[in-house]
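Enquirer: output the structure for:
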Amino acid sequence: MPPALVPGVLIALLGTIVTVALDTVLLWWAALIIGVVLAFAAVILVDRRMPHVRRAGAAGTKEEGTALHNTLVVPTALVLSVVSGLLLAWFLDLSLIEPVAAALGALVGSAAAFLLHRRLSAMLALSFAAVFAAGIIAIAVTALVLFFSGIAPGATFARMIEYGSRPNSLVQIINDGTTYYLAAVAVAIGFKMKLFNIGVDGQYRLAALMAAAVGGWLVLPPVLSQIVIILVAVAVGGAWAGIAGYLKVTRGVSEVISTIMLNAIATGITAYLLNTDRLAVEISTNNIGTPPLPEGSWVPGIPALFLGSEREIFGLVFLAIAVGIGYAVMLNRTRFGFELRATGQSQSAAEASGVNVKKMVFLSMLFSGMVAGLVGMPQLLGSSHFYALDFPTGIGFIGIAIALLGRNHPVGIAFAAVFWAFLNQAAGILPFDGIPQEIAVIAQATIVLTVVVVYEVVHRWGRRYQQQQIGKELGTTVAEPAEATVPAGTASDSGDATGDDTPGNDRGGEAK
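Expert: Numbering: from 1, shown residues only. This next block holds a predicted model:
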């Protein structure tokens, strides 16, 4: 084990042991909070007494000891450590006994305390602070709307949390979050190029229809059948988005206008093909759809007994995870990803560096559409098994909001997708209590707006602060060699006292 990890292991064990001991006399969540806080305090003491590599910010600035680090980074690291431990313990408590869940939560929270105190940068802490502030504002606005509507905000929020945390609700949240995540990643690929792909909705609906039609009429062995259906969806989604990319690079047509029009055309094509005289068959008295997929084409679900639910999680949740990992690797570990980000930042600079901007625009729209083609696959292969009139719609537009909320980051999008799905599911109980279900829509819209605004304000302030820190460090770096090379009592020192403006005297004045 590397020597640097030894303190981390000991601190994680300390937090776990304290939590287990206090769990016998306190509520599990109180014991866990105390254990993680003590572990975090131990991290601070160890870091003060043991030499270690100093943290460097995104621009290479030293952060320990600065006002921003002490007032923001340290509290943020503490809060994230406690929250991560609590969430994991709560999740594990659904399938494990309480003492074991609390102990594992404390172990993870204490380990997170060690890592976050050493690794959390000021800019990342600012991002978390922006999201937290936006959440507070959104809750406050929603509470005001409820209050002036004559509805008790506290009781409403408690009811939503209680219903949204039920086992069956958790399964639905994961399933909805899977499709939302795929849609948001498709949008985020375009956003990275400063392209606004509004056509995800039409791309995934047309792709799902064609994939369902091929899978229903073409009988293939298991595995091969699923692969063919997914490839058809990817090809159709990419081709439909590629039209907008082609128009953009050859005719200069705005992708916003072209994708909106393509959405309308996709709706018309879907309505035309989904007819009993063409691709559809009668599913029920009031519903028609493509021929049902053979059972060998289905993707088995994941039993959710560990959540206490008899329902199943979409098996293609692993496809969404693979897409997220691929998106992160492509963005940060490939030349294409570098050129994608560079072109998005400045097309003129990228073109001057030898990047084929038109090619990048076209490929970005193409890849965005290919991912969009996957959006309907979890529902098609995991639940409905045919494309019918009641197939979910509007997911593409939800993906735009989630991509904005997650700041186009693969991990941020995942949290945003789960949060969005939670609000949708939790609001389902409100009509039974005489409360308008649109409360969730108000909360969703408010939090997206506040996250975009607050994050931008905080991000700009953080950049200015970072530039000031870089300026201070550059000033110190320049001054120290000058001070060392000009001994006290030399001619330039005396010249500075008499007001001489020789170059050597200028250096002496700067050093002082």
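Enquirer: give the contact list for the residue nearest in space to the middle of the chain.
Expert: Nearest to the mean C-alpha position of the chain, by C-alpha atoms, centre = their mean, lies residue 412 at 1.5 Å. When contacts are counted by C-beta atoms under 8 Å, 6 or more residues apart in numbering, residue 412 is found next to 405-406. Just so you know, the C-beta spots here come from the backbone N, C-alpha and C atoms, and that holds for glycine as well.
Enquirer: can you check the one 4 residues further on too?
Expert: Listed by C-beta under 8 Å, 6+ apart, the contact set of residue 416 reads 184, 402-403, 405-406.
Enquirer: 7 Å - rerun?
Expert: 184, 402, 405-406 (C-beta atoms under 7 Å, 6 or more residues apart in numbering).
Enquirer: in the residues you listed, find the pair that's most separated.
Expert: 184 and 405 (8.3 Å; C-beta to C-beta).
Enquirer: more neighbours: these two, which one.
Expert: Taking other C-beta atoms under 10 Å, residue 184 and residue 405 do not tie; residue 184 has more neighbours (35 against 24).
Enquirer: so residue 288 lies in a helix, does it not?
Expert: No: Residue 288 sits outside any helix when classified using DSSP: H, G, I helix; E, B strand; the rest coil, being strand.
Enquirer: host element of residue 195?
Expert: For residue 195, there is no helix or strand it lies in under DSSP states H and E.
Enquirer: ok, now residue 425?
Expert: Short version: residue 425 belongs to helix 410-426, going by DSSP H and E.
Enquirer: with residue 126 instead?
Expert: helix 122-148.
Enquirer: quick one: buried residues of that helix?
Expert: Residues 122-131, 133-135, 137-138, 141-143, 145-146 are the ones in helix 122-148 that count as buried (16 or more other C-beta atoms under 10 Å).
Enquirer: name the helices or strands packed onto it?
Expert: helix 74-92, helix 153-164, helix 439-485 (3 or more C-beta pairs under 7 Å, 6 or more residues apart in numbering; DSSP states H and E).
Enquirer: how distant is it from the center of its chain?
Expert: In terms of C-alpha atoms, centre = their mean, to the nearest Å, the centre of helix 122-148 is set 17 Å apart from its chain centre.
Enquirer: taking the mean pLDDT, what do you get for that helix?
Expert: The average pLDDT within helix 122-148 is 84.
Enquirer: returning to what we had before: mean confidence score for the helix holding residue 425?
Expert: When pLDDT is averaged over helix 410-426, the result is 93.
Enquirer: now do that helix against helix 439-485, angle only.
Expert: Computed with axes from the mean of the first three to the mean of the last three C-alpha atoms, to 10 degrees, the direction of helix 410-426 lies at 160 degrees from that of helix 439-485.
Enquirer: and the strands in the stretch 201-350 of the chain, which stretches?
Expert: Ranges of strands in the stretch 201-350 of the chain, per DSSP state E, counting those that start in this stretch, are 281-284, 287-289, 302-303, 312-313.
Enquirer: of those strands, which stretch is the most buried?
Expert: Across the strands of the stretch 201-350 of the chain, averaging neighbours per residue (mean count of other C-beta atoms under 10 Å) puts strand 312-313 on top, at a mean of 19.
Enquirer: can you tell me which helices and strands that one packs against?
Expert: The contact analysis (3+ C-beta pairs under 7 Å, 6+ apart) places strand 312-313 against helix 167-192, strand 302-303.
Enquirer: closest to residue 317 out of the helices and strands packed on helix 122-148?
Expert: That would be helix 74-92 among the helices and strands packed on helix 122-148, by C-beta to C-beta, at 15.4 Å.
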